[in-house]
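1. Sequence and predicted model, in that order:
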Amino acid sequence: DAMVIQNPRYQVTQFGKPVTLSCSQTLNHNVMYWYQQKSSQAPKLLFHYYDKDFNNEADTPDNFQSRRPNTSFCFLDIRSPGLGDAAMYLCATSRDALAGAVHTQYFGPGTRLTVL
Amino acid sequence: QKEVEQNSGPLSVPEGAIASLNCTYSDRGSQSFFWYRQYSGKSPELIMSIYSNGDKEDGRFTAQLNKASQYVSLLIRDSQPSDSATYLCAVRNNQGGKLIFGQGTELSVKP
């Protein structure tokens, strides 16, 4: 089945130790998103790729970076995780379409990050 | 004013009742509206999408949209304990096509 896959599902890292989260998709969607979701809060968009074009949100800290080597894969790099970065990280994809069409986003299962 | 607002709840309804979840949004130019269900510790799952004024029904779920009032709702008929989750309202704005999420309404269906 076509789907969005995230690895690992659970990640434990130490304060300041770089960590990379991965997302892959078999939907052949051209847009990929990374969200951060903390407990009892709405998902917060960090950035997204429209094809190869990277779009950073204005309030996303520099500590967060992303790579998209090809259509199927997208990575979230946290260069120096702090305690406040502990959260669920959600990858989502959508198929951009002509104006007026729907841009439904499909989410992966998420990676829960713990920072010790 | 938040861009997308929902009552955080928890909303508690008895099994078999109708659960009504409400959402208001501030961007009058918004065109696409989505309801996601999120179980604790899981990722959001799309339940309904709606783009035109009026009602859209899918099984036990009905989404209602009123663009003049900037209001979208989700009705769940014959609520089941398995419907207990947080329901996220999401609105696609016209600036870059991003989804703006509300904070979610926690629904609890009591047997």
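-> Perfect, I can see it now. All values reported here derive from a predicted model rather than from experimental measurement.

2. all contacts plus neighbour counts: C-alpha atoms, from now on.
-> Fine.

3. so where do the strands sit in chain B?
-> B:4-6, B:11-14, B:19-25, B:32-38, B:45-50, B:54-58, B:61-66, B:71-76, B:85-92, B:99-101, B:105-110 (DSSP state E).

4. okay if I get those strands as TSV plus mean pLDDT?
-> What follows is the strands of chain B, written out as TSV (pLDDT from 0 to 100):
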stretch	mean pLDDT
strand B:4-6	94
strand B:11-14	96
strand B:19-25	96
strand B:32-38	94
strand B:45-50	94
strand B:54-58	96
strand B:61-66	97
strand B:71-76	97
strand B:85-92	94
strand B:99-101	90
strand B:105-110	96
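
5. For A:N63, which residues are in contact?
-> Counting by C-alpha atoms under 8 Å, 6 or more residues apart in numbering or on different chains, A:N63 touches A:78-81.

6. rerun at 7 Å
-> A:78-80 (C-alpha atoms under 7 Å, 6 or more residues apart in numbering or on different chains).

7. quick one: which of the residues you listed is most hemmed in?
-> A:I78 (20 neighbours; other C-alpha atoms under 10 Å in any protein chain shown).

8. Which positions in chain A make contact with chain B?
-> A:41-43, A:107-110 (C-alpha under 7 Å from any C-alpha of the partner chain).

9. Buried among those? Make that a PyMOL selection.
-> Command for PyMOL that selects the buried part of those, burial taken from 16 or more other C-alpha atoms under 10 Å in any protein chain shown:
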select buried, chain A and resi 42+43+107+108+109+110
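
10. Greatest separation within the residues of chain A next to chain B: which pair is it?
-> Pairwise distances across the residues of chain A next to chain B (C-alpha to C-alpha) peak at 17.7 Å, for the pair A:Q41 and A:G108.

11. any chance of the strands of chain B in CSV, with mean neighbour count and distance to chain A too?
-> Listed next are those as CSV, based on neighbours: other C-alpha atoms under 10 Å in any protein chain shown; distance: least, C-alpha to the nearest C-alpha, whole Å:
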stretch, mean neighbour count, distance to chain A
strand B:4-6, 21, 10
strand B:11-14, 16, 15
strand B:19-25, 21, 13
strand B:32-38, 23, 7
strand B:45-50, 18, 7
strand B:54-58, 13, 15
strand B:61-66, 20, 16
strand B:71-76, 20, 17
strand B:85-92, 25, 8
strand B:99-101, 23, 6
strand B:105-110, 21, 9
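
12. can you list the ones you listed in TSV and add distance to A:V4?
-> Output for those, formatted as TSV (distance: least, C-alpha to C-alpha, whole Å):
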stretch	distance to A:V4
strand B:4-6	26
strand B:11-14	31
strand B:19-25	27
strand B:32-38	16
strand B:45-50	12
strand B:54-58	24
strand B:61-66	25
strand B:71-76	26
strand B:85-92	19
strand B:99-101	18
strand B:105-110	25
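
13. A:N30: which of these is closest?
-> strand B:99-101 (16.0 Å).
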